[in-house]
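Asks: here is a sequence together with a model predicted from it:
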Amino acid sequence: MLRKSIMIALICTFCSSAWLASADAEAAADFKMKASSTESSDSTFTVTLKGSNLKDLYAYEVKLKVNPDELEVVKAETNIKGYSVSPIVKKDEVTFAHTKIGNVAGEKGDVEIATMTFKAKKAGTANIEWTSMKMLDKNLKDQVIAPGQSATYMKIFKDIAGHWAKDDIMQMVDRNIVEGMDNEHFAPGSNVTRAQFAALIARALDLKDGNGKTPFSDVISGAWYEDTVKKAYAAGIVNGLSDTKFAPDQNITREEMTTMLMRASAFVLGVKADSLSGGSTDMFKDAGKISSWAKKSVGFAISAGLMKGRTDTVFAPKEHATRAESAVVVKRLLSAGK
């Protein structure tokens, strides 16, 4: 009787140990998700889902969370033999399922579960989150886990690959402050108008409506820039070229840009622009070309790190500012305000 009791105890201990080992083995299963590239000017990219230390993967259902305004699901594929259900998209959730067929063993070890192809709808950073992995073994016993994996992909404009301002431009794109000329091009070297730069600052600072009035006769009612100029004027950020002329469609010069930046900095700090100190411009050979009304703002922009010269010795005050420069200085303005 004693011998029988000992045997039963040993069997129970073995079964318990085997169960714990099985549980530990299942817990040891790991999942990873990786994008084919983290950054590219291509719209299409892939995301690969992998599992390691799997014991018996006969069928599965994966769920991913994406922003449908940013990404389009192109297709999903797997090298595992069997039958797949095409990706199903509902709002921000993508579901892909696959099963083996017949009386066959499930996948074991390190397994490439699926490769999903996405298309970026616009420039900027998109995020994919692997929220759920439902697994069935060959006996149709199910298990659901949350992999907690995510991947990002940044689609950049074709004409800023390798550009000195690429990172700053894309940061401003992700914050919805700047836009491309279209989905593929930013035109970094193109000029910026006075109204366009005022609009960038208004978006960056989230300016609210003013009193709805400006003294500028050339700010046409119904024009795309009307509200922007009114907001920036009410905030004390823009002035006209004269008491009644704003020149919204005129390309902004680099020295004009510094005056808007100085006033925008004062707005962020909650002080008057006149209270801000200028800085030296003596390092520039063309300092004498800076207009008298812009000397303080140019000095301030340089000393505050908002702008730099076109070279170490040339500021180019009368030259037109570019779209790349406008994105960079607005990014610096926001960084300085933190």
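Replies: On my side now, so go ahead. Residues are numbered from 1 along each chain as shown.
Asks: could you list the domains of the protein?
Replies: Domain ranges of the chain: 29-155, 158-336, per automatic domain parsing.
Asks: dump those domains to JSON lines, plus mean neighbour count and mean pLDDT.
Replies: All C-beta atoms are positioned from the backbone trio N, CA, C, and that covers glycine. Below are the domains of the chain laid out as JSON lines (neighbours: other CB atoms under 10 Å; pLDDT from 0 to 100):
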{"stretch": "domain 29-155", "mean neighbour count": "17", "mean pLDDT": "97"}
{"stretch": "domain 158-336", "mean neighbour count": "18", "mean pLDDT": "95"}
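Asks: the helices in the stretch 51-200 of the chain, which residues?
Replies: Using DSSP state H, counting those that start in this stretch, the helices of the stretch 51-200 of the chain run over residues 166-174, 194-204.
Asks: now swap in the stretch 201-338 of the chain and tell me
Replies: Taking DSSP H, counting those that start in this stretch, the helices of the stretch 201-338 of the chain run over residues 226-234, 254-269, 295-303, 323-336.
Asks: can you list the ones you listed in CSV and add distance to Lys32?
Replies: Output for the helices of the stretch 201-338 of the chain, formatted as CSV (distance: least, CB to CB, whole Å):
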stretch, distance to Lys32
helix 226-234, 45
helix 254-269, 42
helix 295-303, 46
helix 323-336, 33
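Asks: quick check, Asp110 in contact with Leu57.
Replies: No: with contact defined as CB atoms under 8 Å, Asp110 and Leu57 do not form a contacting pair (11.1 Å).
Asks: what residues are shared contacts of the two?
Replies: Residues touching both Asp110 and Leu57 (CB atoms under 8 Å, 6 or more residues apart in numbering) are Gly51.
Asks: picking that back up, quick one: the helices of the stretch 51-200 of the chain as a markdown table, columns for distance to Lys308 too.
Replies: What follows is these, written out as a markdown table (distance: least, CB to CB, whole Å):
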| stretch | distance to Lys308 |
| --- | --- |
| helix 166-174 | 12 |
| helix 194-204 | 17 |
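Asks: quick one: contacts for the residue lying closest to Lys158 once chain neighbours are set aside?
Replies: Excluding its sequence neighbours, the residue lying closest to Lys158 (CB to CB, 6 or more residues apart in numbering) is Ser41, at 4.4 Å. Taking CB under 8 Å, 6+ apart, we find Ser41 in contact with 155-158, 161, 184.
Asks: filter those down to the ones in strands?
Replies: Here DSSP state E is the test, and the contacts of Ser41 give Lys155 as lying in strands.
Asks: pretty sure Glu255 is touching Gly299, no?
Replies: No: the pair Glu255 / Gly299 is not scored as a contact, 10.9 Å apart, by CB under 8 Å.
Asks: so for those two, which residues contact both of them?
Replies: Counting by CB under 8 Å, 6+ apart, Glu255 and Gly299 have no contacts in common.
Asks: put the alpha carbons of stretch 244-255 into CSV.
Replies: Included here for stretch 244-255 are C-alpha records, laid out as CSV according to Å, rounded to 0.1, in the frame of the first residue of the first chain:
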residue,chain,number,x,y,z
THR,A,244,-2.0,99.3,-45.6
LYS,A,245,0.0,96.7,-47.6
PHE,A,246,0.9,93.2,-46.4
ALA,A,247,2.0,91.8,-49.8
PRO,A,248,0.8,88.2,-49.0
ASP,A,249,2.0,86.8,-52.3
GLN,A,250,5.4,88.4,-52.2
ASN,A,251,8.3,86.0,-51.5
ILE,A,252,9.6,86.6,-48.0
THR,A,253,13.3,87.7,-47.6
ARG,A,254,15.5,86.2,-44.9
GLU,A,255,15.6,89.5,-43.0
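Asks: how far away from the center of its chain is that stretch?
Replies: Distance, stretch centre to chain centre, for stretch 244-255: 31 Å (CA atoms, centre = their mean, to the nearest Å).
Asks: heads up, I number from 805, so please use that
Replies: Taking 805 as the first residue, the last one we looked at is stretch 1048-1059.
Asks: what's in contact with that stretch?
Replies: 995-1002, 1018-1023, 1027, 1029, 1033, 1042, 1044-1045, 1064, 1094-1095, 1098, 1101-1102, 1111, 1114, 1119-1125, 1129.
Asks: and stretch 1073-1082, how far from the chain's centre?
Replies: On CA atoms, centre = their mean, the centre of stretch 1073-1082 falls 32 Å from that of its chain.
Asks: can you redo the contacts of Ser845 as JSON lines with distance to Asn883?
Replies: Formatted as JSON lines, the contacts of Ser845 follow (distance: CB to CB, whole Å):
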{"residue": "Lys959", "distance to Asn883": "27"}
{"residue": "Ile960", "distance to Asn883": "31"}
{"residue": "Phe961", "distance to Asn883": "34"}
{"residue": "Lys962", "distance to Asn883": "32"}
{"residue": "Ala965", "distance to Asn883": "32"}
{"residue": "Glu988", "distance to Asn883": "33"}
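Asks: could you single out the nearest of the contacts of Ser845 to Arg1007?
Replies: Phe961 (18.4 Å; CB to CB).
Asks: right, and the closest one touches Gly928 too?
Replies: No: Phe961 is beyond contact range of Gly928, at 9.9 Å (criterion: CB under 8 Å).
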